[in-house]
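> A structural model of the following input is requested.
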Amino acid sequence: MKNAFTLTRRAAAVALLAAPFAAPLLAHAADYPSKPIRFVVPYSPGGTTDLVARTVGQKVSEKLGQPVLIDNRGGAGGNIGMDAVAKAAPDGYTIGFGAISTNALNPHIYKSMAFDPRKDFTAISLLGTSTIVLEVPAVSPIKTVPELVAAAKKNPGMPYATAGAGTSMNLAGVMFAQMTGTELVHVAYKGSGPAITDMLGNNIGVMFDNLPASLPHIQSGKLRALAVAGPARSPSLPDVPTMAEAGLKGYALDPWFGVYGPAKLPAPIVKALNEAFVEALAMPDVKAKLQQAGFSPRGSTAQELATLTETEYKRLGDVAKKAGMTAD
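All right, here's what the predicted structure looks like:
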């Protein structure tokens, strides 16, 4: 009994010492949010992440009663923006739009990383998945995936564009080259917008892009979609085959996106943000708008996103190592 009493006294002493630090934090969490929330999108405006962040952010703002301000911070495959989130105070007023690239792939391919996605973030909610589309300018003579493979084998070093090094689109290009035995040269742009501009100007002939950014140009006839990278056809492009249907058996890649806060985000704040995002993503008008753009919205628990991040980190580490993927 003496030992138990001693342990109880020690525990009480520790609790008393911690109380002055915990009380303000809990009080702060109880008042959350009391000012605007900064939602960092680690890519340039005009892409998939920007569209989703602004659409969902507006509903989250209405739910929480404070503005959700979109802060586009592109560069380094999303690393610059997510580093700002990792280094922010864990008070819920800075959150980030993480992705399969920033939170699972990039650490394996960039020579220098300012953050560790397994330790420096708090998972909040999954946002959903996007579709990657393989496309060419409408004036291109290439009309099918087999024709592209034939052209690439005839012209080793064929360049292809993506929204940046280390992105899921970059991964899609690497997987395509591996599975077709072709030699492609990656041209990394700072976001989908600049790459699409060069595609429309016929300055580059092939691109792997997240569908929402390219869809309007495909629908207007300015770009030609050859295939989508996911395991199923996109409802937005029902006549466009999957890579597997086009001849690349076993090819499938579904980029995922999620909301993260800095590490050690208090549980009440995580709960408030999670509920707001999950509710927003389930709204019929939000779902309709994002699905029409080629994005599949889906919320999740914070733990589901944390588990996905850990699992994908390990899986993509093996993929990147096998492919020899690197980025500066």
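> use CA for all of it now, contacts and neighbours both
Will do.
> Surely Pro45 touches Asn72?
Yes. Counting by Cα atoms under 8 Å, Pro45 touches Asn72, with 6.4 Å between them.
> Can you tell me the element Pro156 falls in?
For Pro156, there is no helix or strand it lies in under DSSP states H and E.
> try Pro159
Using DSSP H and E, Pro159 falls within strand 158-162.
> I'd like the next helix or strand past that strand.
On the C-terminal side of strand 158-162, the nearest following helix or strand under DSSP H and E is helix 168-180.
> Return the next helix or strand after that next one as PDB; C-alpha atoms alone will do.
Using DSSP H and E, the helix or strand that follows helix 168-180 towards the C-terminus is strand 184-188. Output of strand 184-188 as PDB, limited to C-alpha atoms (Å, rounded to 0.1, in the frame of the first residue of the first chain):
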ATOM      1  CA  LEU A 184      10.600   9.100 -71.100                       C
ATOM      2  CA  VAL A 185      12.000  12.300 -69.900                       C
ATOM      3  CA  HIS A 186      10.100  14.100 -67.100                       C
ATOM      4  CA  VAL A 187       9.500  17.800 -67.400                       C
ATOM      5  CA  ALA A 188       8.300  19.100 -64.000                       C
END
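> Strand 184-188: which residues count as buried?
If you call a residue buried by 16 or more other Cα atoms under 10 Å, then strand 184-188 has these buried ones: 184, 186-188.
> try stretch 212-225
212-215, 217-218, 222-225.
> Quick one: end-to-end length of it, please.
Using Cα to Cα, to the nearest Å, the end-to-end distance of stretch 212-225 comes to 13 Å.
> Gly193: what secondary structure?
helix (DSSP: H, G, I helix; E, B strand; the rest coil).
> From Arg54, how far out is it?
16 Å.
> Show me the strands in the protein, by range?
For the chain, applying DSSP state E gives strands covering 37-41, 68-72, 94-99, 121-130, 132-137, 158-162, 184-188, 207-210, 223-228, 256-262, 295-297.
> Any idea which of those gets closest to Gly201?
Across the strands of the chain, the minimum distance to Gly201, taken as Cα to Cα, is reached by strand 132-137, at 8.4 Å.
> Can you tell me the strand partners of the closest one and which way each runs?
strand 207-210 (antiparallel), strand 223-228 (antiparallel) (DSSP bridges).
> For the first one, the averaged confidence score.
Summarised as a single mean, pLDDT over strand 207-210 is 95.
> Could you list the buried residues of that strand?
Buried residues in strand 207-210 (16+ other Cα under 10 Å): 207-210.
> Gly173: which of those residues is nearest?
Here the nearest of the buried residues of strand 207-210 to Gly173, counting by Cα to Cα, is Phe208; it sits at 6.7 Å.
> Can you tell me the closest non-neighbouring residue to that closest one?
Excluding its sequence neighbours, the residue lying closest to Phe208 (Cα to Cα, 6 or more residues apart in numbering) is Leu134, at 4.7 Å.
> what's around that neighbour, how many residues?
Using other Cα atoms under 10 Å, Leu134 has 25 other residues around it.
> Val136 too?
Quick note: Val136 (other Cα under 10 Å) scores 27 neighbours.
> which ones are touching it?
Val136 makes contact with 142, 199, 205-207, 223-226, according to Cα atoms under 8 Å, 6 or more residues apart in numbering.
> out of everything not next to it in sequence, what's closest to it?
Val206 (4.8 Å).
> try Ala195
In space, Ala195 comes closest to Tyr189 once its chain neighbours are excluded; the distance is 5.8 Å by Cα to Cα, 6+ apart.
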